[in-house]
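A.B. asks: one predicted model, sequence on top.
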Protein chains: 2
Amino acid sequence: MYSVNMKAEHLHQLIWMSRPLMQAAEACVEAGLIGTNLTVRMRAVLEMLNKYGAQTVPEIAARLEIKRQYVQIMCNETLASGFTEQRANPRHKRSPILALTDHGRTLIEEIISREMKLVEEIGGNLSKEDIATALEVVLAVTDSLKKRAGDRE
Amino acid sequence: MYSVNMKAEHLHQLIWMSRPLMQAAEACVEAGLIGTNLTVRMRAVLEMLNKYGAQTVPEIAARLEIKRQYVQIMCNETLASGFTEQRANPRHKRSPILALTDHGRTLIEEIISREMKLVEEIGGNLSKEDIATALEVVLAVTDSLKKRAGDRE
DNA sequence: GTCAAAATGACATGTATAGTGTCAATATGA
DNA sequence: TCATATTGACACTATACATGTCATTTTGAC
């Protein structure tokens, strides 16, 4: 049937649009960081701290799904630049809690607010139903792909 | 309004699902390449040759939107592995046309066919309308983001 | 036909974003 | 208390590109 092939073809296209989409999104984020002394990976740390509160490096790594050794480097950069500071961790003396400084908080909130404004502009032409549908499809597809990637006979 | 925020939030989520989606898709492709002597980047070359016919390295690079110097390396690997061969190029004597060998063609067609079957399985639960909607949204969003990335005051 | 400009392959080097492995110090929990 | 786990720090590796350069054609404008 023609429609069956169209469906698979659209899905195929959708899956492989993920790369251009990601690249375009990252380029936007990067462009928005010009002028600040933030890098994209430092921004990711600040975003986690802003969204989920002060936390340890391994916690941030778990949320970002990146190995803690690399996240450690990212976090150290935010410390060196004064966007974050260490606080005593009552639960673990060797693993201090990373917290936003006032400077860091102000900056990340402004950046996220600007990004959100951009997202709203982009969503201008699109209906909220279509966006919700798109998100559901993408979530379902990602989930399916993740399940299939592991088990190969 | 609540719904306005939900819309932006869904769109935000959709945009940032692009990375997990891409990673999951690439993991699947990689898993499907086990046993063949193909790498992901060699697969990309064969796919272009299969889809658009025999062509030169710079042409492949343009289609993949990757610098020709890197594509040259990818193509040389496919040559070394016997998946492709060089043919005289009447239009340019220094730039031979890269063509699939029988072996290469058989292999890439089988791989793509298996991948398409997987896509169809994944699409099983989803309606063709929703998939079409998702693709339209993603295309529109990518387009918007690409336009915004460049022009910053 | 000539000649400057562009295209091409080859090679060397650089960079961003991670993954992997290891170690010592310390913390935790049975 | 003591085996086990966690953490920070550091070194090394890997992937997927980008960048720059060079010599060799090739092309196109005149």
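C.D. replies: Received it, and whenever you're ready, just let me know what you need.
A.B. asks: longest helix of chain A?
C.D. replies: For chain A, the helix with the greatest residue count under DSSP state H is helix A:128-150.
A.B. asks: what's that helix packed up against?
C.D. replies: Packed against helix A:128-150 by the contact rule (3 or more C-beta pairs under 8 Å, 6 or more residues apart in numbering or on different chains; DSSP states H and E) you find helix A:2-16, helix B:2-16, helix B:18-33, helix B:102-122, helix B:128-150. For glycine as for every other residue, the C-beta is placed from the backbone atoms N, C-alpha and C.
A.B. asks: between that helix and helix B:102-122, how big is the angle?
C.D. replies: Angle of helix A:128-150 versus helix B:102-122, following axes from the mean of the first three to the mean of the last three C-alpha atoms, to 10 degrees, is 130 degrees.
A.B. asks: can you give me the pLDDT of A:F83?
C.D. replies: For A:F83, the pLDDT comes out at 96.
A.B. asks: how about A:A31?
C.D. replies: Reported pLDDT for A:A31: 92.
A.B. asks: with the one 10 residues further on instead?
C.D. replies: pLDDT recorded at A:R41 is 95.
A.B. asks: show me the contacts for the closest residue to it other than its chain neighbours.
C.D. replies: The shortest distance from A:R41 to any non-neighbouring residue, by C-beta to C-beta, 6 or more residues apart in numbering or on different chains, is to A:M74 (4.7 Å). Counting by C-beta atoms under 8 Å, 6 or more residues apart in numbering or on different chains, A:M74 makes contact with A:R41, A:M42, A:A44, A:V45.
A.B. asks: also A:I131?
C.D. replies: With C-beta under 8 Å, 6+ apart, A:I131 has these contacts: A:G123, B:K7, B:H10, B:L11, B:L14, B:V137.
A.B. asks: list of residues touching stretch A:88-105?
C.D. replies: Against stretch A:88-105 from outside (C-beta under 8 Å, 6+ apart): A:45-46, A:49-50, A:54-58, A:60, A:75, A:78-79, A:82-87, A:108.
A.B. asks: try it again with 10 Å
C.D. replies: Contacts with stretch A:88-105, where a contact means C-beta atoms under 10 Å, 6 or more residues apart in numbering or on different chains, come from A:38, A:42, A:45-46, A:48-50, A:53-60, A:75-76, A:78-79, A:81-87, A:106-109.
A.B. asks: what subset of these is buried?
C.D. replies: A:38, A:42, A:45-46, A:48-50, A:54-57, A:59-60, A:75, A:78-79, A:81, A:83-85, A:107-108 (16 or more other C-beta atoms under 10 Å in any protein chain shown).
A.B. asks: just the ones of those in strands?
C.D. replies: A:T84, A:E85 (DSSP state E).
A.B. asks: return only those of the buried ones among the contacts of stretch A:88-105 found close to chain B.
C.D. replies: Among those, proximity to chain B is found for none (C-beta under 10 Å from any C-beta of the partner chain).
A.B. asks: follow-up on the earlier one: using JSON lines, lay out the helices and strands packed on helix A:128-150 together with distance to DNA strand C.
C.D. replies: Putting the helices and strands packed on helix A:128-150 into JSON lines (distance: least, C-beta to the nearest atom of the strand, whole Å) gives the following:
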{"stretch": "helix A:2-16", "distance to DNA strand C": "19"}
{"stretch": "helix B:2-16", "distance to DNA strand C": "13"}
{"stretch": "helix B:18-33", "distance to DNA strand C": "8"}
{"stretch": "helix B:102-122", "distance to DNA strand C": "17"}
{"stretch": "helix B:128-150", "distance to DNA strand C": "14"}
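A.B. asks: using TSV, please lay out these together with distance to B:R91.
C.D. replies: Output for the helices and strands packed on helix A:128-150, formatted as TSV (distance: least, C-beta to C-beta, whole Å):
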stretch	distance to B:R91
helix A:2-16	30
helix B:2-16	42
helix B:18-33	33
helix B:102-122	22
helix B:128-150	32
